[in-house]
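>>> My questions concern the predicted model and sequence given below.
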Amino acid sequence: MTARFAIPAACMLTLTAAAAGAPPEAGDRPPPACQMKWPFPKLKNPTIIDLDKTGDRDWWHFEPDQDVVFLGASTPRTLRRLQTEGGRNIVVLGGEYRPQGPATGTLYFAGVSGAVHVEGALIDNADAGERDGIDIYSAPGRHADLTVQNTRIVNISGHRMGVHGDMVQTQGDVGRLRFYNVSGTTGYEGLFIPPQHATRSADLENVNIRYTDGQPVDRYTYQYWFLDSILEKPFPIALDHVYATERPGQAAQEYTVWPKASLLRIGAVRRGNGISWPHLPYRGSITVGDPPGGDFAPSETVGIGYRNACPDNTPITGPGAVRSE
């Protein structure tokens with residue numbers, strides 16, 4: 001397989017129809033502003049995988065020192081998953097993921113040695129049953145970072161006696177968790193990132209979650225789950241412009257976030273529409289409601305044809321020719 005297009009080693013990242021070899025059509029999106037807080041990980045001689053040319057393949061194995069860039073397909077991808085095992089630094093750029101059939105997670109990264117960076121993706125699990133949006137765990141002895149940026153994860157479903165569907169879940173040791181310009185809807189849980197496994201820190205900025213219409217099916221569901229109990233050692237969390245919604249008749253500080261307000265010593269505290277954890281190493285707060293300007297990652301800015309005009313930010317850096325699969 002060959003790469004759909006060559007990505008320059010500097011200047012602007014552009015994933016458009018023009019990049020795929022077709023001229024842009026009139027009425028295309030206006031040139032985007034730079035919407036990156038977190039840079040791509042440095043990649044050396046990366047393998048470029050064009051998802052337009054991988055057929056029905058949904059699983060890849062990589063060597064521990066192998067860097068990879070997945071280029072989102074030009075049509076919605078309906079295979080049941082995109083799953084990797086191994087690899088050093090892995091980037092997923094753009095694309096619309098509407099899986100069908102059972103799987104653990106729509107984007108699943110196992111045994112990562114360095115970092116995973118998901119940028120500009122649209123994940124819609126409406127036809128996927130109960131499952132997660134993104135799952136990650138590190139290679140033994142490693143603490144891989146996860147960055148989810150300019151990404152929309154919607155229609156997550158699950159229930160307490162079955163699959164605990166989450167927008168994002170860590171399933172093993174990780175390093176830094178970073179979320180920027182992330183929007184989602186869930187019928188069960190949202191960001192499930194407690195220190196059940198070693199976790200170094202989490203940074204959430206411009207993140208909003210709401211409940212999926214017609215769901216949830218369980219009495220209690222949680223959009224942000226940070227710490228299971230006082231028996232766990234909390235890791236630092238930064239919250240900046242983070243929003244949650246509450247179900248009718250259920251106060252968000254008790255039924256939308258965890259640790260909830262009724263837990264002694266570690267429980268949430270609500271003042272007005274702000275929820276914080278003054279007894280934990282969490283900086284900032286979660287606001288109950290929707291962002292005044294709408295979703296941080298609306299559907300029209302992510303997915304197929306994703307673009308992000310950020311000077312000097314490109315997923316391919318370092319020496320060596322670009323390889324392709």
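That came in fine, so what should we check first? Numbering: from 1, shown residues only.
>>> now the one helix or strand Ile48 maps to, how far from the chain's geometric center?
Element membership for Ile48 (DSSP states H and E) is strand 47-50. With Cα atoms, centre = their mean, to the nearest Å as the basis, strand 47-50 stands 20 Å off its chain's centre.
>>> That strand packs against which elements?
Where contact means 3 or more Cβ pairs under 8 Å, 6 or more residues apart in numbering; DSSP states H and E, strand 47-50 is packed against strand 68-71, strand 323-324. Using the backbone N, CA and C atoms, a C-beta is placed for each residue, glycine as well.
>>> In terms of mean pLDDT, which of these ranks lowest?
The stretch with the lowest average pLDDT out of the helices and strands packed on strand 47-50 is strand 323-324, scoring a mean of 62.
>>> still on that earlier bit, what mean pLDDT does the strand holding Ile48 get?
96.
>>> Toward the C-terminus, what is the element adjacent to it?
Immediately after strand 47-50, counting by DSSP H and E, sits strand 59-62.
>>> Look at Glu254 and give its secondary structure.
Here Glu254 is recorded as helix under DSSP: H, G, I helix; E, B strand; the rest coil.
>>> Glu85 contacts Gly111, correct?
Yes: counting by Cβ atoms under 8 Å, Gly111 is a contact partner of Glu85 at 5.3 Å.
>>> Of the two, which one has the most company?
Gly111 (19 against 14; other Cβ atoms under 10 Å).
>>> What's the local residue count around Asp127?
Neighbour number of Asp127 under other Cβ under 10 Å is 11.
>>> nearest spatial neighbour of it, skipping sequence neighbours?
Using Cβ to Cβ, 6 or more residues apart in numbering and skipping the chain neighbours, the partner closest in space to Asp127 is Gln100 (5.0 Å).
>>> Enumerate every residue touching that neighbour.
Thr78, Leu79, Arg80, Asp127, Ala128 (Cβ atoms under 8 Å, 6 or more residues apart in numbering).
>>> By neighbours, which of those residues wins?
Ala128 (26 neighbours).
>>> Now name the helix or strand holding that one.
Judged by DSSP H and E, Ala128 forms part of no helix or strand.
>>> Tell me how far it lies from Tyr211.
18 Å (Cβ to Cβ, to the nearest Å).
>>> Phe192 now?
15 Å.
>>> and the two? which has more neighbours close in?
Counted by other Cβ under 10 Å, Phe192 and Tyr211 do not tie: Phe192 has more neighbours, with 23 against 20.
>>> Surely that one touches Gln171?
No: using Cβ under 8 Å, Phe192 makes no contact with Gln171, being 9.7 Å away.
>>> would Thr287 count as being in a helix?
No: per three-state DSSP, Thr287 lies outside any helix segment and is strand.
>>> give me the beta-bridge partners of it?
Tyr243, Gly274 (DSSP bridges).
>>> which ones are touching Ala244?
Ala244 sits in contact with Gly190, Asn208, Ile209, Gln223, Tyr224, Ala252, Thr256, Val257, Ile275, Ile286, Thr287, Val288, where contact means Cβ under 8 Å, 6+ apart.
>>> Quick check: closest non-adjacent residue to the fourth one.
Going back to what we said before, that points to Gln223. Gly190 (3.8 Å).
>>> which residues does the one you found contact?
By Cβ under 8 Å, 6+ apart, Gly190 lies in contact with Ile156, Asp166, Met167, Val168, Gly184, Ile209, Tyr222, Gln223, Tyr224, Trp225, Ala244.
>>> and what of Ile134?
105-109, 118, 123, 146, 148, 153, 167-169.
>>> residue ranges of the strands in the stretch 51-200 of the chain, please?
59-62, 68-71, 82-86, 89-93, 96-97, 105-112, 115-119, 122-124, 132-138, 145-156, 168-170, 176-186, 189-192 (DSSP state E, counting those that start in this stretch).
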